[in-house]
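Undergrad: predicted model follows, preceded by the sequence.
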Amino acid sequence: MKKNWPLWEVFVRSKNGLEHRHFGSLHAADSEMALENARDVYTRRNEGVSIWVVESKNITATNPENNGELFEPAQDKVYRHPTFYDLPDEIKHM
Amino acid sequence: MKKDLYKYILGIADNTLILGQRLGELCGHGPSLETDIACTNISLDLFGQTRNYYQYAAQIKGGNTTEDDIAFLRKEREYLNVLLVEQLNTDFAYVMVRQFLFDVYHLLFLRELQKSHDVRLSAIANKAVKEVGYHYRFSSDWIKRLGDGTEESHQRTQNAIDDLWTYTNELFHQTDTDKSMIQEGIGVDTLKLKEEYYKRVSEILQKATLQIPESKWFQKGGKEGIHTEHLGFLLADLQYMQRTYPNMEW
């Protein structure tokens, strides 16, 4: 039976005002059961105030094999960070 | 009056202790990791409630009585739980049907206990009612899934309903202790919950495409200490450590 249950990704918002973060995954027959299972598996120690679940197959992910072309070109382009500006002293907290 | 209150509290708390113990037996044996955790979470909720009640009962009894004495050192005939909660984990359908048949009652009961003139009982009910609201949601969802699921899950769930139905009416049986506590404004008049109980149960069973048993004959005895053969074995497990190593502590 367990084999037939699809996999779901669980996102939990820990506190009001913070974003939902990926907490892990679990098996469930449908979205309602996924929410209940997520409540029991991931929020039993008072971790959350809101839960999102999404079936894992609905997530489109990058392929690690393509990491070279996707991410490495950005590694030597420090000038893309806005760190080369002279800031006036009046501007604080930047 | 004090003695009645003590017995009345045990009557409530023994239900949650014994059902919690039954669910605890599933730890590591649930049908999937997720349902295993869910069942043991419910078990821990029930043990938490039990402790609140037993601590109060121990205080009423006085002397050196502790919550552990009440949980571990009584004989079978001194446990006042209803027969329903001591029934076996025959299969997952039995576990969920037993849970569902108890949860519907438990939720209605706690909502009334919140209005009790006894402030301590009403405070315990206030805390427990949210937990039990979730138990009810969980078990009634599963009843619908199983009943309206595959041919096999439907048949197993129907078997469990047919088998456990005979224990439902005892939930509303009133002992002399119950009656005196109702008069004091402390206890819940369970007879007033009966109609609503069977209405709710029937609604969910209908949604689950399950048949409501027609049998009008019901078991009782647990509330007077007369139990089915299953309770003794459960208590042997539950009490083993305290009986073998008296006064042991973790």
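TA: Cool, got the structure.

Undergrad: the helix or strand hosting B:G11 near chain A at all?
TA: In the assignment (DSSP states H and E), B:G11 maps to helix B:2-24. No. Helix B:2-24 lies out of reach of chain A by C-beta under 8 Å from any C-beta of the partner chain, never closer than 12.7 Å. Every C-beta, even on glycine, is put in place using the N, C-alpha and C of the backbone.

Undergrad: residues in contact with B:M248?
TA: Taking C-beta atoms under 8 Å, 6 or more residues apart in numbering or on different chains as the criterion, B:M248 is in contact with B:M241, B:Q242.

Undergrad: how about the residue nearest in space to the middle of chain A: what's its closest non-neighbour residue?
TA: Most central in chain A under C-alpha atoms, centre = their mean is A:H22, positioned 4.0 Å from the mean C-alpha point. Counting by C-beta to C-beta, 6 or more residues apart in numbering or on different chains, the nearest residue to A:H22 once its immediate chain neighbours are dropped is A:F11, at 5.6 Å.

Undergrad: got it, and A:R80?
TA: In space, A:R80 is closest to A:A74, 7.1 Å off (C-beta to C-beta, 6+ apart).

Undergrad: now for the one you found, how many residues are close by?
TA: Neighbours of A:A74 under the rule other C-beta atoms under 10 Å in any protein chain shown: 9.

Undergrad: returning to what we had before: wait, the residue nearest to the centre of chain A touches A:E9, no?
TA: Yes. Contact status for A:H22 versus A:E9: in contact at 6.5 Å, counting by C-beta atoms under 8 Å.

Undergrad: how about the residues of chain B near chain A?
TA: By the rule C-beta under 8 Å from any C-beta, the part of chain B lying against chain A is B:31-35, B:37-38, B:41, B:134, B:137-138, B:141, B:145.

Undergrad: the same query, at a cut-off of 7 Å, please.
TA: Proximity of chain B to chain A (C-beta under 7 Å from any C-beta of the partner chain) is limited to residues B:P31, B:S32, B:E34, B:I37, B:A38, B:N41, B:F138, B:D141.

Undergrad: okay, the helix or strand hosting B:T157 in PDB with CA atoms only?
TA: Taking DSSP H and E as the criterion, B:T157 maps to helix B:151-164. What follows is helix B:151-164 as a C-alpha-only set of coordinates in PDB (Å, rounded to 0.1, in the frame of the first residue of the first chain):
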ATOM      1  CA  GLU B 151     -13.100  -3.600  -1.600                       C
ATOM      2  CA  GLU B 152     -10.800  -5.100   1.000                       C
ATOM      3  CA  SER B 153     -10.500  -1.900   3.100                       C
ATOM      4  CA  HIS B 154     -14.300  -1.500   2.900                       C
ATOM      5  CA  GLN B 155     -14.900  -5.100   4.100                       C
ATOM      6  CA  ARG B 156     -12.400  -4.900   6.900                       C
ATOM      7  CA  THR B 157     -13.800  -1.600   8.200                       C
ATOM      8  CA  GLN B 158     -17.400  -2.900   8.000                       C
ATOM      9  CA  ASN B 159     -16.200  -6.000  10.100                       C
ATOM     10  CA  ALA B 160     -14.700  -3.700  12.700                       C
ATOM     11  CA  ILE B 161     -17.900  -1.600  12.900                       C
ATOM     12  CA  ASP B 162     -20.100  -4.700  13.200                       C
ATOM     13  CA  ASP B 163     -17.800  -6.000  15.900                       C
ATOM     14  CA  LEU B 164     -17.200  -2.900  18.000                       C
END
